[in-house]
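Colleague: Give me a 3D structure for the following:
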Amino acid sequence: MAKRLNNENSVGDVLKHIIQANKLQPGIDQITVKETWISLMGNGVNSYTKEVTLRKNTLYVELTSAVLRQELSYGKEKIIRMINEEFRRDVVKEIVFR
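Modeller: Numbering: from 1, shown residues only. This is a model prediction of the structure:
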């Protein structure tokens, strides 16, 4: 049976409870990581980005440029750190460029 919340909870607390109870966090993270990638990488990288997918703790980024893929692979740790700072928790532990 679901836990009943009292009427004095904030909307944020109620939403957090709903997200936890229905296990919605992975889906929310999937959407948010795409938005984060777009905002952090800028138009130059985004024009060559085909798809961004988060599975478990691995971020899969499909790129249309082999040169850009190689350049971004040198900065994987920095990209992971920037994304996790946006989330304020460790969401991404590995990046795979395709």
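Colleague: helix or strand for D90, which one?
Modeller: In the assignment (DSSP states H and E), D90 maps to no helix and no strand.
Colleague: Next up, the contacts around it.
Modeller: Taking CB atoms under 8 Å, 6 or more residues apart in numbering, we find D90 in contact with 57, 84. The C-beta positions use only the backbone N, C-alpha and C, and glycine is treated the same way.
Colleague: Ok, V33 next?
Modeller: Neighbour list for V33: 52, 54, 59, 83, 87, 91-92 [criterion: CB under 8 Å, 6+ apart].
Colleague: Now which of those would you call buried?
Modeller: Neighbour-count burial (16 or more other CB atoms under 10 Å) is assigned, among the contacts of V33, to 52, 54, 59, 83, 91-92.
Colleague: Farthest-apart pair in these, please.
Modeller: Comparing all pairs in the buried ones among the contacts of V33 by CB to CB, the longest separation belongs to V52 and V91, at 12.7 Å.
Colleague: State whether T53 is indeed within a helix.
Modeller: No. According to DSSP: H, G, I helix; E, B strand; the rest coil, T53 belongs to no helix; its state is strand.
Colleague: how many neighbours does it have?
Modeller: If you count neighbours by other CB atoms under 10 Å, T53 ends up with 14.
Colleague: Kindly report the same for A21.
Modeller: Neighbours of A21 using other CB under 10 Å come to 10.
Colleague: Same check on L63?
Modeller: 19.
Colleague: The most centrally placed residue in the chain: which element?
Modeller: With distances taken as CA atoms, centre = their mean, the residue of the chain nearest its centroid is V33 (2.3 Å). Remark: V33 resides in helix 25-46, with elements defined by DSSP H and E.
Colleague: in that helix, what counts as buried?
Modeller: Neighbour-count burial for helix 25-46 [16+ other CB under 10 Å]: 29, 32-34, 36-37, 41, 45.
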